[in-house]
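> Pasting the sequence and the predicted coordinates here, then a few questions.
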Amino acid sequence: MEKPTHIAEQFSAGNRVVQVREFGNGNINDTYLVILEAQTENKFVLQRINTHVFQHPQRIMQNMRVFTEHVHRRVREEGLSWKTPRVMAARDGSDFLIDEENGFWRAISFIQDSQSYDTLKDLNHAREVGYALGMFQKLISDLPIESLADTLEGFHITPRYLQQYDNARLRNGAHDSAEVRYGMKFVEERRAFAHTLEKAGLPLRPIHGDPKVNNVMIHNETGRAISLVDLDTVKPGLVHYDIGDCLRSGCNPLGEDAPDWEAVRFDPELGSAILEGYLTEAAAFLTEKDFAHIFDAIRLIAFELGLRFFTDHLAGDIYFKVKYPGHNLHRALVQFKLTESIEAHEAELQNIIGRLVALEK
């Protein structure tokens, strides 16, 4: 931890760094929790941005300045108990640091008295996760998309991922395992569906981009959601990407690394609770057309992530971090099985969506 500790000292505002440890289980950036010897705000999050993925990291910092200022203003004006991470300055006053190996580092404040969870604990937790996404989207719903840079071009554009998959499939000859053949068959059967959201004529809005369960901070005492973190992918997009990703993440109780991928199932009860919490805040700015494509989003984003994991496996694991050979293939099979379960619950989910939308009108 010598290098992360040295970098942390550049953002510590003169406080002694007590400890630096790896933090979270993100698949892209290197993330550390820094403990300081300080009376207040004795923690912050330090990250080395993966510049292979985020090729213009300065755009991330530009967006964070724009939307955090916007959210702080709205929270203050409306008297809301909502927290947004703050960008921390380095010793030279800049909001990022580039090391001698051209590594891009930044520090953001830690949301105190809270924690996140990798899976949903119960239905109340599910409602809070949905509420958090709805609140976040509501707070940035009036932020002009022209003020946000595109930090990750093509992100959540499923047809592009399908093209990347086709390219990787043609270049890679290791198609002899039963799991790979299953994955290829699965993709082919859903090829036409990949274009659903892009052809729906939905409006671009500011989105979070990665609202997984473990990015929602829950207050330790109240059990209420108080923040949505991991803000690198805030950018213009479809709110449906967020809706789909939130339910994809929350409604698979076995998690993204489920040991037995064939046992993975979508839990519609958890899905109902997430949507209930979400619509308490989001119903005010969603349109009839938005409501009509909620199920499509739930199905598509699970399929999309499976497609991305599968493509990375075929390409040689060049995008997502892996812990063992075949990890991305296993992840892909988990998402494909989840997609299959979502499809089996279509009628039930459509009924749930219709009921909740009617209640909020």
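On my side now, so go ahead. Just so we're clear, the structure is a prediction, and the values are computed from it rather than from any experiment.
> the strands in this protein, which residues?
Shown for the chain, the strands assigned by DSSP state E span residues 16-22, 30-37, 43-49, 97-98, 104-109, 114-115, 205-207, 216-219, 225-228, 235-237.
> State the mean pLDDT of the last one.
Here strand 235-237 scores 94 as its mean pLDDT.
> Please list the outside residues in contact with that strand.
With Cβ atoms under 8 Å, 6 or more residues apart in numbering as the contact definition, strand 235-237 has outside contacts at 63, 145, 148-152, 155-156, 204-207, 209. Heads up, the C-betas are built off the backbone N, CA and C, glycines and all.
> do that again at 10 Å, thanks
Where contact means Cβ atoms under 10 Å, 6 or more residues apart in numbering, the residues beyond strand 235-237 that reach it are 59-60, 63, 67, 143-153, 155-157, 202-209.
> Using neighbour counts, trim those residues to the buried set.
Neighbour counting by 16 or more other Cβ atoms under 10 Å classes 59-60, 63, 67, 143, 148-149, 151-152, 155-157, 202, 205-209 among these as buried.
> How many residues are close by the closest residue to G326 other than its chain neighbours?
The spatial neighbour of G326 that comes closest, neighbours along the chain excluded (Cβ to Cβ, 6 or more residues apart in numbering), is H313 at 7.3 Å. By the criterion of other Cβ atoms under 10 Å, H313 has 26 neighbours.
> I'd assumed M184 was in contact with H313.
No: counting by Cβ atoms under 10 Å, no contact exists between H313 and M184, whose distance comes to 11.4 Å.
> roughly how far apart are the residue nearest to the spatial centre of the chain and T151?
Residue closest to the mean C-alpha point of the chain, counted by Cα atoms, centre = their mean, is D210 at 1.6 Å. As defined by Cβ to Cβ, to the nearest Å, D210 lies at a distance of 11 Å from T151.
> Find the residues that touch each one of these two.
Common neighbours of D210 and T151 (criterion: Cβ under 10 Å, 6+ apart): 231-234.
> of these, buried ones?
Neighbour counting over the shared contacts of D210 and T151 (16+ other Cβ under 10 Å) leaves 231-234 as the buried ones.
> right, and out of those, which lies closest to P4?
Relative to P4, the closest of these is D232; by Cβ to Cβ it sits at 18.1 Å.
> Read off the pLDDT value for that closest one.
D232 is assigned 87 on the pLDDT scale.
> what's the distance between it and G26?
Distance, D232 to G26, using Cβ to Cβ: 10 Å.
> mind listing what the closest residue to F320 other than its chain neighbours touches?
Nearest residue to F320, sequence neighbours excluded (Cβ to Cβ, 6+ apart): N27, at 4.6 Å. With Cβ under 10 Å, 6+ apart as the criterion, the residues that contact N27 are 50, 53, 256, 309, 312, 319-322, 328, 331.
> Which members of those residues are classed as buried?
Among the contacts of N27, the ones that count as buried by 16+ other Cβ under 10 Å are 50, 53, 256, 309, 312, 319-320, 322, 328, 331.
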